[in-house]
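Asker: Predicted coordinates and the sequence they were generated for:
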Amino acid sequence: MPYKFTFDLTKVPRFFFTEVARISYRRGMHKTLLKRLQDIITKFRIQEATGLNLSDALVLLQDFIDLQAVNLLYRKDFLESNKRALFLPHCSRKYMDSRCKANFDASIPSYTCSHCSGDCLVNMTDCLARKKGYDVYVLPGGSCIPKILKTIHYEGIVGVACGEEMRVYGEILGGMNVAGQAVPLIKNGCANTIFSMDTLAKTI
Ligand code: SF4
Ligand code: SF4
């Protein structure tokens, strides 16, 4: 379920994301939230940086804030979890065609990275997470998650996806006893997508 718009926040200052995290702590202030979001969009020139109209920029920013709030809610449980998995989106692979040498196991279903390209975001993340003891899945979509979680009981999960796909994650994990953490894409588009390695490293 992609957004109806594409975005690229890779050139937005890092402080923007700090501001998003700060607002997430104070999300209860609904009366002032919309005004606050509009101020941030203006302050960081989000519309100029992304080409989004105000309404789409607000949707995007609200999703970022909601994800941060959920992360905060489950952070303690996540840190106490032992068996963990990382779910990466297939759209962040360097190649989406036969140049990607990942093995696809339809029975899971998931790709497993074969490390064919040193500068592939999925490759770098896969290596980092496996060193930390994570099982890593590169998923064609969030709908693959229930099957995985029925097969293996994970206590903690880190999911990387766009905000729309993250809603699917949320609905799936809602009824399960799993502490989830979300890392949003900062560039969507369903191919050559980007997430922050820095954020990912801090999260896992
Ligand atoms: S490094 Fe892994 S995920 Fe990236 S293109 Fe190669 S096999 Fe695919
Ligand atoms: S996670 Fe990637 S492929 Fe899936 S909807 Fe979002 S941008 Fe598209």
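Answerer: Arrived safely. Ligands and ions are numbered 1, 2, ... in the order given.
Asker: interface residues of this structure facing ligand 1?
Answerer: Applying C-beta under 6 Å from any ligand atom, one finds that the chain approaches ligand 1 through 93-95, 100-102, 113-117, 120, 122-123. In short, each C-beta sits where N, CA and C put it, glycine included.
Asker: lowest confidence element among the helices and strands of this structure?
Answerer: Across the helices and strands of the chain, mean pLDDT, DSSP states H and E gives its lowest value to helix 14-25, namely a mean of 73.
Asker: ok, and what's touching it?
Answerer: 9, 33, 36-37, 40, 43-44, 46, 61, 64-65, 68-69, 71-72, 196, 199 (C-beta atoms under 8 Å, 6 or more residues apart in numbering).
Asker: again with stretch 161-173
Answerer: Residues from elsewhere that reach stretch 161-173 (C-beta under 8 Å, 6+ apart): 1-3, 60, 63-64, 66-67, 70, 87, 89, 141-143, 145-146, 149, 157, 159, 180, 182, 184-185, 188, 193.
Asker: Ok, stretch 101-110 next?
Answerer: Everything outside stretch 101-110 that qualifies as a contact, by C-beta under 8 Å, 6+ apart, is 93, 111-114, 116, 122, 137-140, 144, 147-148, 151.
Asker: Show me where the chain has its strands.
Answerer: Along the chain, the stretches classed as strands by DSSP state E are 84-89, 103-105, 110-112, 135-139, 156-161, 179-187, 194-195.
Asker: Adding mean pLDDT, mean neighbour count and distance to ligand 2, write the ones you listed out as TSV.
Answerer: Shown next, in TSV, are the strands of the chain (pLDDT from 0 to 100; neighbours: other C-beta atoms under 10 Å; distance: least, C-beta to the nearest ligand atom, whole Å):
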stretch	mean pLDDT	mean neighbour count	distance to ligand 2
strand 84-89	96	23	4
strand 103-105	95	11	15
strand 110-112	96	20	13
strand 135-139	97	21	8
strand 156-161	95	26	4
strand 179-187	92	23	6
strand 194-195	94	19	10
